[in-house]
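Peer 1: got a structure for you, letters missing:
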DNA sequence: ACCTGAACACCGTTCAAGT
DNA sequence: ACCTGAACACCGTTCAAGT
């Protein structure tokens, strides 16, 4: 009947088809379940067949990153640097939104892919066109860090659940006791968590609006950059003087 | 002669000894070379012996994080919130300085260790004592993200070397051609890299002062927080109104 | 010349057999 | 009761044998 459900199954393997399948597999089952063997199986192919299209797993990951980052679609951008930088960064965030593995994989790469260089070039260009010196642009780019791609590094990747020692699903009574001890030992953490998580059943959080937090910090940085630009800020104490150290 | 070089070799295994050896191994050979089997070998012990002291590799990593984060030694801190927050964060940076694997491992944990909770509690406490509302403190903590522990997420972990496609050590002529193409396609990236890396032989960088960049961004954020505190900023439009969404 | 199965050198962890 | 070797179910990649 639905024999044609996967029309690509019998199509000859190509680098593009390998990359697409890898992205889909990582999206569906998580990056830690992406193995060369598993990917080959998914494609109905012997593991070694993949090595005709990617040199090794590293190159596969590079290709996946390039595919996702290449999907950044910046909106029509006005002339002001702030809107241009902001728009590109939020577009990057949007492109990476449905690929939760992407940030982790990008980080683990040793160098930029072409699509990544293109994105960074565009953001740097927006700063420069907006009147930023090379010096200030450089430090601004560092200050943004991974935020340039629309993601930030929280302390943990996963939402904090129970304490690390505790196994999953402790009895309710024990949980209450653990909470009381937590509140006693870490009163400020508890206060913060209590104020933000009351919509949620989790002990230590969620109920945070990631998008709000992202834009909050981004705008704080952009405001800071603008202020320094207006001041003609330079990292060297005087225009002619060299940097100490 | 120097039979006593490693006096602990014959000492009975303990959780502490396991953790200490794991930290040393990760420091010396990199986190990717840390395996249960390798660690056991290092301790002169059969792999399964480790499982008497840690439940599994996850718990081993939790223990390593706690050991390193527990080593944060904040300086004597003045009463002002800015100095207190800044001092604690830079102390965290110092503690993690000689453990390059730590940031990556912390990130991969699913929840906080006790030492980590203690550190965060202290930083939150500094904000609150300094007159920050729970609301503003919450957003400030998110804005700091992993910076609270003294590290930031650059786009890549490793220093950018050659382009990802290129193998290690291409001939000089080919390298020059690749550079010309890079400069043509990514002019702004090239300009930035050229301005900062002239002390270095690398094409795309280094010559950046990590500590300077860290403090630059940190101070930009702390300045922003202070400004919002003075304004009595709230994420809700009015004190009585609820948040939209 | 191309393709591919078996093999290699690893993993983390289970489990049953030995003391 | 404790300890531990062999085994299991995986990896990424090499390599030689088959077509």
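Peer 2: Thanks, I have the structure now. Not measured: the values here are computed from a predicted model.
Peer 1: Show me the shaky parts of chain A.
Peer 2: Scanning chain A for pLDDT under 70 picks out the ranges A:1-11, A:158-171, A:197-207, A:237-245.
Peer 1: Return the residues of it in contact with DNA strand D.
Peer 2: Listed as neighbours of DNA strand D in chain A under the rule CB under 7 Å from any atom of the strand: A:34-38, A:47-48, A:51, A:56-58. Yep, even glycine has a C-beta here, placed from its N, CA and C like the rest.
Peer 1: Quick check: phi and psi on residue A:151?
Peer 2: Recorded main-chain torsions at residue A:151 are phi -130, psi 160, according to degrees, to the nearest 10.
Peer 1: One more: residue A:155?
Peer 2: phi -60, psi -40.
Peer 1: Please look at residue A:117 and residue B:184 and confirm they touch.
Peer 2: No. The pair residue A:117 / residue B:184 is not scored as a contact, 12.0 Å apart, by CB atoms under 8 Å.
Peer 1: Which one of those two is surrounded by more residues?
Peer 2: The residue with more neighbours, out of residue A:117 and residue B:184, is residue A:117; 22 against 9, by other CB atoms under 10 Å in any protein chain shown.
Peer 1: Please name the nearest non-neighbouring residue to that one.
Peer 2: Spatial nearest neighbour of residue A:117, excluding adjacent residues (CB to CB, 6 or more residues apart in numbering or on different chains): residue B:186 at 4.9 Å.
Peer 1: What's the separation between the one you found and residue A:113?
Peer 2: 12 Å (CB to CB, to the nearest Å).
Peer 1: Please name every helix or strand in contact with the longest helix belonging to chain A.
Peer 2: Among the segments of chain A that qualify as a helix by DSSP state H, the longest is helix A:210-231. If you count contacts as 3 or more CB pairs under 8 Å, 6 or more residues apart in numbering or on different chains; DSSP states H and E, helix A:210-231 packs onto helix A:81-96, helix A:134-144, helix B:134-144, helix B:210-231.
Peer 1: Distance from it to the middle of the chain?
Peer 2: 18 Å (CA atoms, centre = their mean, to the nearest Å).
Peer 1: Identify each buried residue in it, please.
Peer 2: Within helix A:210-231, the residues that count as buried by 16 or more other CB atoms under 10 Å in any protein chain shown are A:213-218, A:220-222, A:224-225, A:228-229.
Peer 1: Phi, psi for residue A:70 please.
Peer 2: Torsion angles, degrees, to the nearest 10, at residue A:70: phi -60, psi -10.
Peer 1: tally of neighbours for it?
Peer 2: 15.
Peer 1: so who does the closest residue to it other than its chain neighbours touch?
Peer 2: Leaving out its chain neighbours, the residue that sits closest to residue A:70 by CB to CB, 6+ apart is residue A:115, at 3.9 Å. Residue A:115 makes contact with A:65-66, A:69-70, A:72 under the criterion CB atoms under 8 Å, 6 or more residues apart in numbering or on different chains.
Peer 1: gap between the strand or helix carrying residue A:25 and the chain center?
Peer 2: In this structure, residue A:25 sits in helix A:15-29 according to DSSP states H and E. Averaged C-alpha coordinates place helix A:15-29 at 18 Å from its chain's average position (CA atoms, centre = their mean).
Peer 1: What of stretch A:172-187?
Peer 2: So, by CA atoms, centre = their mean, the centroid of stretch A:172-187 is 33 Å from its chain's centroid.
Peer 1: List the buried residues in it.
Peer 2: For stretch A:172-187, by 16+ other CB under 10 Å, it's A:178, A:182, A:186.
Peer 1: With respect to chain B, which of these is nearest?
Peer 2: Proximity of the buried residues of stretch A:172-187 to chain B (CB to the nearest CB) peaks at residue A:186, which lies at 4.3 Å.
Peer 1: and that closest one, what does it touch?
Peer 2: Contacts of residue A:186 by CB under 8 Å, 6+ apart are B:117-118, B:120-121.
Peer 1: what's the answer for residue A:21, then?
Peer 2: With CB under 8 Å, 6+ apart, residue A:21 has these contacts: A:39, A:42-43.
Peer 1: Need those residues in JSON lines (columns: secondary structure and neighbour count).
Peer 2: Listed next are those as JSON lines, based on DSSP: H, G, I helix; E, B strand; the rest coil; neighbours: other CB atoms under 10 Å in any protein chain shown:
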{"residue": "A:39", "secondary structure": "helix", "neighbour count": "22"}
{"residue": "A:42", "secondary structure": "helix", "neighbour count": "15"}
{"residue": "A:43", "secondary structure": "coil", "neighbour count": "21"}
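Peer 1: and DNA strand C, which of the residues you listed reach it?
Peer 2: Near DNA strand C, by the rule CB under 7 Å from any atom of the strand, you find none of the contacts of residue A:21.
Peer 1: Format those as CSV; extra columns: distance to residue A:131.
Peer 2: Below are the contacts of residue A:21 laid out as CSV (distance: CB to CB, whole Å):
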residue, distance to residue A:131
A:39, 47
A:42, 50
A:43, 50
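Peer 1: Tell me which other helices or strands the strand or helix carrying residue A:65 touches.
Peer 2: Following DSSP H and E, one finds residue A:65 within helix A:57-69. Using 3+ CB pairs under 8 Å, 6+ apart, the elements in contact with helix A:57-69 are helix A:15-29, helix A:36-42, helix A:81-96, helix A:102-108, helix A:114-129.
Peer 1: wait, which of these is closest to residue B:97?
Peer 2: Counting by CB to CB, residue B:97 lies closest to helix A:102-108 out of those; the figure is 19.4 Å.
Peer 1: I'm done for today, thanks for sticking with me.
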